[in-house]
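Trainee: sequence and computational prediction follow.
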There are 2 protein chains.
Amino acid sequence: MALLLQYDGSRYDGWQRQGNTGNTIQGKLESVLEKMTGRYQEIHGSGRTDAGVHATGQVANVHLDTEMGDGEVRDYLNRYLPEDILVLEAKQVPKRFHSRLLARGKTYTYWVETGQRCPVFQRKYIDVLGQSLDVAAMEEAASSLVGTHDFTSFCTAQGKKKSAVRTLQEIRIVRHSSQLEFVLSGDGFLYNMVRILVGTLVEVGQGKRAAGSVASAMEARNRQEAGYTAPAKGLFLTRVAYDTEIF
Amino acid sequence: MALLLQYDGSRYDGWQRQGNTGNTIQGKLESVLEKMTGRYQEIHGSGRTDAGVHATGQVANVHLDTEMGDGEVRDYLNRYLPEDILVLEAKQVPKRFHSRLLARGKTYTYWVETGQRCPVFQRKYIDVLGQSLDVAAMEEAASSLVGTHDFTSFCTAQGKKKSAVRTLQEIRIVRHSSQLEFVLSGDGFLYNMVRILVGTLVEVGQGKRAAGSVASAMEARNRQEAGYTAPAKGLFLTRVAYDTEIF
């Protein structure tokens, strides 16, 4: 069964269950699923969102031994989940479906407030910079990030040496009066990659680094050459794409 | 000094201070102002929003003995206020300015989700009805509410017998996919009036009462004839108008 999920990551230690007692999205889902079927089943997310990161379109899969229909599963989960985690849809899918391994692409958005003050209703969902940004310069820098590259400079190393080559299909910057929404789509993202890409673009927008420095940072394959890691709270996983549309 | 305020009413017992220890918007503001000037000064809001009601454009006034500039006052308040209360602007105004007595009109919005599920990021700001509404019927009913009427049927009695005649300039219903935003503007609103107007329109939209019944409910001058009081959390005070524009 595949689940389409929305969650407010503010009060969680991220997606991934940590031991048995972690306050995580995965843990909350698994414990309601266990209550529902009487049996523990691991749930797999398309990716592990970090502590404080939100989702409007996370996809997960789990093998369920149940006679319940899709709508019943969804409603059962929503009845017992906390109100900051919501199952938008549940759907029977072929057993071979795997939300992470089969994901063909993902889209994230990142929200920045350029004004000084933190808007009350977005206080947990936006990073307040308090400084206007040069969008044209950020767009120039973004164009050199789009494409297939080794993104070693734009991720936090995680020990294992795996390929850091990824294809970034798009970085779009949308203005909403004093707020900017960065939309990033790619075939996959490394650990902290979206937050480091946004942090680097923000430094360009602040005039702290030249737009052209971003391409050389990419070539350096050195995290030190890229910008800061933008805070988790501005980040949303908005869409996960598969070859066959699921939701 | 006049203040333009935004607040998330979710965790407060409304605007109005209750004794010395009330967990209220007014109380929070007064205690920061007292810290700033060393002296207690009562702050007056344009109206007393109830527990759980939000504001994006509340206006308040207070007499301050300070040499601080407008921006300094705003920034001082924002530094010490909790993050769910924000001073958008502070402005020196003539001493005779009074946010409530001089208010010429107000606009409220009320948000309703017609879908079954409560959207995670609006969970504190929308009423979930789980049922589609007949917007055309609600618009027909709304047209008989607009104008100058005795709104006794559409308010919660508060003991004192004062005139319940008010002029409602507009009720607009804006669709946002599965959500409806009710926008109500008038010269003034009685206690619970917006919530009862919305509750009555929702009953029309649900087919529980005829659009025509709303005019007769008005004539009856009897609270029993109107609909239910829609919950506080969907309601926002968005604008207070004065003869001379302040903000």
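Mentor: That came through fine.

Trainee: please count neighbours and contacts with C-alpha atoms only from this point.
Mentor: Fine.

Trainee: wait, A:Ser185 sits on A:Lys106?
Mentor: Yes: counting by CA atoms under 8 Å, A:Ser185 touches A:Lys106, with 5.6 Å between them.

Trainee: so A:Phe182, which of the three states?
Mentor: Following DSSP: H, G, I helix; E, B strand; the rest coil, A:Phe182 is assigned to strand.

Trainee: what sits against it?
Mentor: Contact analysis of A:Phe182 by CA atoms under 8 Å, 6 or more residues apart in numbering or on different chains lists A:Thr109, A:Tyr110, A:Trp111, A:Ile171, A:Arg172, A:Ile173, A:Val174, A:Val198.

Trainee: do you know the pLDDT at A:Asn20?
Mentor: pLDDT, A:Asn20: 67.

Trainee: just the helices in chain A please.
Mentor: A:25-37, A:70-80, A:135-145, A:193-205, A:213-220 (DSSP state H).

Trainee: out of those helices, which gets nearest to B:Ser216?
Mentor: Closest of the helices of chain A to B:Ser216 is helix A:70-80, at 39.9 Å (criterion: CA to CA).

Trainee: show residues contacting the closest one.
Mentor: By CA under 8 Å, 6+ apart, the list of residues contacting helix A:70-80 from outside reads A:Leu29, A:Val32, A:Leu33, A:Met36, A:Ile85, A:Leu86, A:Val87, A:Leu88, A:Glu89, A:Ala90, A:Lys91, A:Gln92.

Trainee: pull up the per-residue confidence for the residue nearest to the last one when sequence neighbours are not counted.
Mentor: What sits nearest to A:Gln92 in space, not counting adjacent residues and going by CA to CA, 6 or more residues apart in numbering or on different chains, is A:Met1, at 4.5 Å. The predicted local distance difference test score for A:Met1 is 96.

Trainee: A:Met1 touches A:Thr66, doesn't it?
Mentor: No: in this structure, A:Met1 is not within contact of A:Thr66 by CA under 8 Å, at 10.1 Å.

Trainee: what's the mean pLDDT across stretch A:59-66?
Mentor: Computed over stretch A:59-66, the average pLDDT equals 94.

Trainee: list only buried entries from the contacts of A:Phe182.
Mentor: Neighbour counting with 16 or more other CA atoms under 10 Å in any protein chain shown marks A:Thr109, A:Tyr110, A:Trp111, A:Ile171, A:Arg172, A:Ile173, A:Val198 as buried within the contacts of A:Phe182.

Trainee: tell me which residues touch the third one, please.
Mentor: Meaning A:Trp111. A:Tyr125, A:Ile126, A:Asp127, A:Gln179, A:Leu180, A:Glu181, A:Phe182, A:Gly234, A:Leu235.

Trainee: of those residues, just say which sits nearest to chain B.
Mentor: A:Tyr125 (9.1 Å; CA to the nearest CA).

Trainee: where's the closest one relative to A:Gly212, distance?
Mentor: Computed as CA to CA, to the nearest Å, the A:Tyr125 to A:Gly212 distance reads 30 Å.

Trainee: these two: who's more crowded?
Mentor: When neighbours are counted by other CA atoms under 10 Å in any protein chain shown, A:Tyr125 comes out ahead of the other of A:Tyr125 and A:Gly212, with 23 against 14.

Trainee: you'd agree the more buried one is up against A:Pro231?
Mentor: No: using CA under 8 Å, A:Tyr125 is not in contact with A:Pro231; the gap is 10.1 Å.

Trainee: same for the longest strand that chain A contains, what does it pack against?
Mentor: When chain A is parsed with DSSP state E, its longest strand is strand A:165-176. If you count contacts as 3 or more CA pairs under 8 Å, 6 or more residues apart in numbering or on different chains; DSSP states H and E, strand A:165-176 packs onto helix A:135-145, strand A:147-150, strand A:179-186.

Trainee: ok, now which ones touch the residue nearest to A:Leu197 when sequence neighbours are not counted?
Mentor: Spatial nearest neighbour of A:Leu197, excluding adjacent residues (CA to CA, 6+ apart): A:Phe154 at 6.3 Å. A:Phe154 sits next to A:Asn192, A:Met193, A:Ile196, A:Leu197, A:Met218, A:Asn222, A:Arg223, A:Ala226 when contact means CA under 8 Å, 6+ apart.

Trainee: the first one and chain B, how far apart?
Mentor: A:Asn192 is 23 Å from chain B, where distance means CA to the nearest CA, to the nearest Å.

Trainee: and the end-to-end length of stretch A:226-233?
Mentor: 20 Å.

Trainee: pipe the buried ones among the contacts of A:Phe182 into CSV and attach pLDDT per row.
Mentor: Shown next, in CSV, are the buried ones among the contacts of A:Phe182 (pLDDT from 0 to 100):
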residue, pLDDT
A:Thr109, 98
A:Tyr110, 98
A:Trp111, 98
A:Ile171, 98
A:Arg172, 98
A:Ile173, 98
A:Val198, 98
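
Trainee: from those residues, which single one is nearest B:Gly147?
Mentor: Distances from B:Gly147 to these, taken by CA to CA, are shortest for A:Trp111, at 41.6 Å.

Trainee: chain center to stretch A:110-120: distance?
Mentor: 19 Å (CA atoms, centre = their mean, to the nearest Å).

Trainee: also stretch A:104-122?
Mentor: 12 Å.

Trainee: and the residue lying farthest from the centre of chain A, what are its phi and psi?
Mentor: In chain A, counting by CA atoms, centre = their mean, A:Glu67 sits farthest out from the average C-alpha position, at 32.1 Å. Main-chain dihedrals, A:Glu67, degrees, to the nearest 10: phi -90, psi 0.

Trainee: show me which residues of chain A are close to chain B?
Mentor: Taking CA under 8 Å from any CA of the partner chain as the measure of proximity, chain A contacts chain B at A:6-8, A:83-86, A:88, A:117-121, A:123.

Trainee: now a PyMOL select for only the buried ones of those residues.
Mentor: Remark: buried members of these, expressed as a PyMOL selection using 16+ other CA under 10 Å:
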select buried, chain A and resi 6+7+8+83+84+85+86+88+117+118+119+120+121
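
Trainee: and the residues of chain A next to chain B, which two are furthest apart?
Mentor: A:Leu88 and A:Arg117 (32.4 Å).

Trainee: returning to what we had before: would you mind finding the most buried of the helices of chain A?
Mentor: Among the helices of chain A, the stretch with the highest mean neighbour count (mean count of other CA atoms under 10 Å in any protein chain shown) is helix A:193-205, at a mean of 24.

Trainee: which residues sit against it?
Mentor: A:108, A:110, A:132-135, A:137-138, A:141-142, A:151, A:154-156, A:182, A:184, A:209-211, A:214, A:226-232, A:235.

Trainee: now it and strand A:179-186, what's the angle there?
Mentor: 130 degrees (axes from the mean of the first three to the mean of the last three CA atoms, to 10 degrees).
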